[in-house]
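# Provided below for reference: sequence and predicted model.
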Amino acid sequence: MSAEAPPRPNDLTYGLDDVPKPFPKALGLGMQHVLTMFGATIAVPFIIGGALGFEGAELAVLISSVFIASGVATAIQVAIGSRLPIVQGVSFAFLGPFFAIAATYQGAEGMQVIAGMVIVGAVLPLILGFGGLMGMLRRFITPITIAPVIALVGLSLFGAAAGNAGQHWPLSLTTLALIFAFGLVLAPRIRLMSLFPILLAVVTAYVIALVFTALGVFEGPAAVSFAAVGDAPLFRGFEIGGGGLIFPWGTPIFDFTFIIAILAAYLASSIESFGDYHAISRIAGVGDPDAKTINRGIGAEGIGCALTGLFGGFSSTSYSENIGLVGLTKVASRAVVLIGAGVLVILGLVGPVGAIIATIPIPVVGGVYLALFGLITAVGLSNLRRADMDSQRNLMIVGFLLFGGLAFPYYFGGEAGADFSFFGIEWATTFIKSIGSNAIAVAAVLGILLDNLIPGTDEERGIGSDPVVLPPQDMHG
């Protein structure tokens with residue numbers, strides 16, 4: 001695959017090395033990244049925290065720990081990892097193993113086990129990245145595999161988007177309409193709209209929800225509630241253990257019963273990040289990432305994940321929704337993402353700030369996801385123009401990967417899926433189910449196998465072609 005830059009990098013408002021000025025503008029752009037990832041970032045703490053039996057103060061500590069860990073992991077990724085504008089956040093690929101741990105351990109002890117296994121499992125991305133193994137895979141991964149993988153990142157999240165939006169469709173659709181209005185209709189006329197479409201849409205939708213809550217029209221998920229703000233501590237303590245900054249849940253516990261499931265989740269996360277690096281590199285106007293960039297990125301994710309265990313959070317990975325945000329705003333500045341990372345750390349340290357942001361209604365977040373996940377899907381499919389899509393070979397492979405990526409998890413994620421215990425190798429059942437229940441991992445593994453085993457020319461497979469397609473170029477007129 002070519003490392004040449006795309007033909008239209010000047011479409012970017014801010015490139016990788018640009019620093020938006022004045023600072024309030026850069027801060028607003030960084031905050032937009034925080035708002036974009038906010039829903040997913042707090043979702044896993046609420047889900048796993050609930051499974052562990054957390055309430056009130058414990059849940060608040062868990063959420064703040066996740067903010068701090070995500071900010072630190074993002075800074076590492078941007079500064080010494082891939083050096084691409086990629087935000088790191090909680091990985092949904094680990095929900096399965098975390099649920100398994102929560103079924104055995106409860107409360108703080110459960111988080112001690114999660115921390116221990118996240119730290120141990122981080123060895124895998126460290127080896128894949130700094131050992132140069134992930135970059136070697138680059139020769140075997142073509143647009144025929146990359147396109148479905150990236151597309152499935154968006155498609156596989158339709159449940160999260162629909163679930164959040166479906167809690168109050170009028171508010172979520174209002175948010176979606178505002179994003180289209182600010183990002184597509186008004187952006188060509190008003191520069192501010194092109195830079196902050198998500199932020200402006202969220203703030204506007206929030207004000208609408210606030211007004212209708214005060215009038216007694218909105219209730220439940222659509223309502224704005226400040227009940228938890230007064231209970232939040234002013235600052236997070238810096239002590240070790242006892243809810244402090246380091247090991248807030250206590251010393252990590254290493255239960256290797258869960259190691260296969262954790263490693264499978266790390267593998268799926270690394271493959272997803274591989275696709276994300278290609279997506280953000282092309283959006284940022286620097287062409288496909290080279291092997292060194294990929295290796296540094298995966299290795300940095302390993303460091304970030306190990307540190308999340310230190311800070312009492314969950315494993316981290318690249319966030320596709322924030323890649324979609326870069327495509328929408330055309331702001332690919334590393335400085336902006338670093339500012340966003342700093343904001344995340346502050347949110348974790350200053351209790352009331354995070355508590356106030358947590359009052360954003362879930363349907364507003366759902367409306368944002370409807371726009372961004374769709375854009376991610378389109379970014380993925382745009383890679384197919386680099387291959388010969390008149391080829392029956394390519395049509396069959398791509399069609400199967402898209403369909404299989406959505407269909408296989410229904411089987412492997414079920415109780416009866418992939419039972420190899422009768423062979424006396426129960427670990428294989430855990431490993432294969434962990435891979436098979438993840439749409440991105442299914443498409444990546446099957447794509448690499450089919451695309452490299454079924455005969456096809458380099459031109460047919462898109463090897464050596466220029467990355468001619470960026471996300472929708474006329475996004476701003």
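Great, that's in hand. Model, not experiment: these values are computed from the prediction. Numbers count the residues shown, from 1 in each chain.
# thought D288 was touching S281?
Yes. Using CB atoms under 8 Å, D288 is in contact with S281, at 6.0 Å. C-beta: built from backbone N, CA, C; applies to glycine.
# Comparing the two, which residue is more hemmed in?
S281 (27 against 23; other CB atoms under 10 Å).
# Check that one and give its pLDDT.
Note for S281: predicted pLDDT of 89.
# again, but for the one 10 residues further on
The predicted local confidence for A291 comes out at a pLDDT of 85.
# what does I80 give?
Per the predicted model, pLDDT is 91 at I80.
# Repeat that for the one 10 residues further on.
Reading off the confidence values, V90 has pLDDT 86.
# quick one: contacts for it?
By CB atoms under 8 Å, 6 or more residues apart in numbering, the contact set of V90 is 40-41, 43-45, 66, 70, 313-317.
# Average pLDDT for stretch 394-401, rounded please.
95.
# residues of that stretch that come out buried?
Judged by neighbour count using 16 or more other CB atoms under 10 Å, the buried positions of stretch 394-401 are 394, 397-398, 400-401.
# just stretch 66-79 next, same as before
66-78.
# Quickly name whichever of the buried residues of stretch 394-401 is closest to P221.
L401 (34.9 Å; CB to CB).
# So which of the contacts of V90 sit within strands?
In strands, defined here by DSSP state E, the members of the contacts of V90 are 316-317.
# For burial, what's the neighbour tally of A268?
Neighbour tally, A268, other CB under 10 Å: 26.
# what residues are up against it?
Counting by CB under 8 Å, 6+ apart, A268 has contacts 93, 434-435, 438, 440-441.
# Kindly recompute the last result at 6 Å.
93, 438, 441 (CB atoms under 6 Å, 6 or more residues apart in numbering).
# per-residue pLDDT, the spatially closest residue to R386 that is not a sequence neighbour?
Excluding the flanking residues, the one nearest R386 by CB to CB, 6 or more residues apart in numbering is G462, at 4.0 Å. Looking at G462, its pLDDT is 84.
# What does G462 show for phi and psi?
As for G462, its main-chain torsions (degrees, to the nearest 10) stand at phi 80, psi 20.
# quick one: it from F23, how far?
Computed with CB to CB, to the nearest Å, the distance linking G462 and F23 is 42 Å.
# For these two, indicate the residue with more neighbours.
G462 (27 against 10).
# I'd assumed I141 was in contact with the more buried one.
No. With contact defined as CB atoms under 6 Å, G462 does not reach I141; the gap is 10.8 Å.
# quick one: D390 from E109, how far?
For D390 relative to E109 (CB to CB), the value is 58 Å.
# higher neighbour count, those two?
E109 (15 against 8).
# Apart from its chain neighbours, what residue comes closest to that one?
The nearest residue in space to E109 (CB to CB, 6+ apart) is I253, at 7.0 Å.
# which stretch of helix or strand covers the residue nearest to S320 when sequence neighbours are not counted?
The shortest distance from S320 to any non-neighbouring residue, by CB to CB, 6+ apart, is to V153 (4.6 Å). For V153, the element it lies in under DSSP states H and E is helix 143-155.
# Contacts for that helix next, please.
With CB under 6 Å, 6+ apart as the criterion, helix 143-155 contacts 275, 278-279, 320, 373, 376-377, 380-381, 383-384, 386-387, 394, 397-398, 401-402, 405, 439-440, 443-444, 447-448, 451, 461-462.
# which of those residues count as buried?
Buried, going by 16+ other CB under 10 Å: 275, 278-279, 320, 373, 376-377, 380-381, 383-384, 386-387, 394, 397-398, 401-402, 405, 439-440, 443-444, 447-448, 451, 461-462, out of these.
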